[in-house]
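[1] Quick one: sequence and predicted model below, then my questions.
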Amino acid sequence: MKYNEISHFSHPQHILKFEYTEVPFKCDGCKEVGIGSRYRCSFCDFNLHMHCAVPSLSISHPFYTKCSFQFLSRPPGDTPRYCNACEKDVTGFVYHCESCGFDLHPCCAKLPMVLDDGEVKLCLYRKVSSPCHRCGRKGRSWSYRSACKKYNLHVACVREMLVENWHELYFGHGKGSGKSQSRILSLKNTLQTPHKRSKGKVKKCCEMAALALQFIISAVLGDPTALIAGVIGTFMSRA
């Protein structure tokens with residue numbers, strides 16, 4: 001078996017090969033959108049996030065120190081479940097704590113506690129007291145907050161933005177098409193930025209908020225690298 005190839009219980013009929021893509025895909029494990037690194041079966045158009053392809057059997061998380069999360073191929077029980085990080089429904093692979101009943105998408109469970117590219121530093125919090133730049137509300141889901149404390153974005157809001165802009169991916173339309181790529185993200189007016197400063201400072205503030213958004217999106221999609229953030233930035237400029 002080659003290092004860049006794996007066999008996986010969810011797709012035993014074919015070997016999955018590692019590849020990198022700048023086109024969004026739907027993960028057949030957790031059923032969420034991804035971009036960048038993935039394991040793929042080209043014969044069946046079957047895709048897995050890195051976190052879903054090579055999961056840890058059990059994990060702990062700094063936000064839930066008394067919990068032990070076990071990897072499951074499907075949500076437990078018959079009642080609808082949601083991710084405690086992003087508030088989105090859990091319909092596929094999940095990390096579940098049996099004692100507390102908490103659930104985390106694999107990509108949410110592996111969200112970096114710190115995103116830092118040297119220019120923007122963002123820290124993950126379970127809750128923040130400041131309003132989110134997207135929805136204007138406090139609390140709610142996990143949030144990324146900039147070190148300067150000027151920018152806050154709920155992980156839930158980022159998820160919602162992805163669903164709004166990539167709705168067709170959930171129904172299998174426009175995969176890999178130029179049209180879908182050119183319409184990937186329409187995020188120019190998604191951040192609430194009420195300013196009372198000079199135009200130059202407003203522009204700089206908005207640019208920094210947009211950059212922060214790019215890094216958070218890349219993390220939520222399962223590949224928090226500067227390269228992915230640059231790809232998303234390209235998509236944003238096309239919208």
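    In hand now; what should we look at?

[2] so where do the strands sit in this structure?
    Using DSSP state E, the strands of the chain run over 5-6, 16-26, 33-41, 46-49, 58-61, 64-72, 94-96, 103-104, 114-116, 121-125, 143-146, 152-154.

[3] for the fifth one, which positions count as buried?
    For strand 58-61, burial by neighbour count (16 or more other C-beta atoms under 10 Å) applies to 59, 61. For glycine as for every other residue, the C-beta is placed from the backbone atoms N, C-alpha and C.

[4] next one: the longest one
    Burial within strand 16-26, assessed by neighbour count using 16+ other C-beta under 10 Å, is assigned to 16, 18, 21, 23-26.

[5] same check, this time on stretch 96-111
    Of the residues in stretch 96-111, 96-97, 102-111 count as buried by neighbour count, 16+ other C-beta under 10 Å.

[6] who touches it?
    Residues outside stretch 96-111 that contact it (C-beta atoms under 8 Å, 6 or more residues apart in numbering) are 29-30, 32, 34, 49, 51-52, 55, 59, 61, 64, 66-72, 75-76, 81-86, 88, 90, 93-95, 124, 142, 155, 219-222, 224.

[7] Just the C-alphas of it, formatted as CSV.
    The C-alpha trace of stretch 96-111 is given here as CSV (Å, rounded to 0.1, in the frame of the first residue of the first chain):
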residue,chain,number,x,y,z
HIS,A,96,-19.8,11.5,20.3
CYS,A,97,-19.5,11.7,24.0
GLU,A,98,-21.8,9.1,25.5
SER,A,99,-21.7,10.4,29.0
CYS,A,100,-22.5,14.0,28.1
GLY,A,101,-24.4,13.5,24.8
PHE,A,102,-22.2,16.1,23.0
ASP,A,103,-21.5,15.7,19.3
LEU,A,104,-18.8,17.2,17.1
HIS,A,105,-18.3,17.0,13.3
PRO,A,106,-14.8,15.6,12.6
CYS,A,107,-13.6,18.9,11.1
CYS,A,108,-15.1,20.9,14.0
ALA,A,109,-13.5,18.5,16.5
LYS,A,110,-10.1,19.2,14.9
LEU,A,111,-10.5,23.0,14.5
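
[8] now it, how far from the chain's geometric center?
    Computed by C-alpha atoms, centre = their mean, to the nearest Å, the chain-centroid distance of stretch 96-111 equals 14 Å.

[9] Low-confidence ranges, the chain, go.
    Where the chain drops to pLDDT under 70, the residues are 1-3, 163-209, 225-239.
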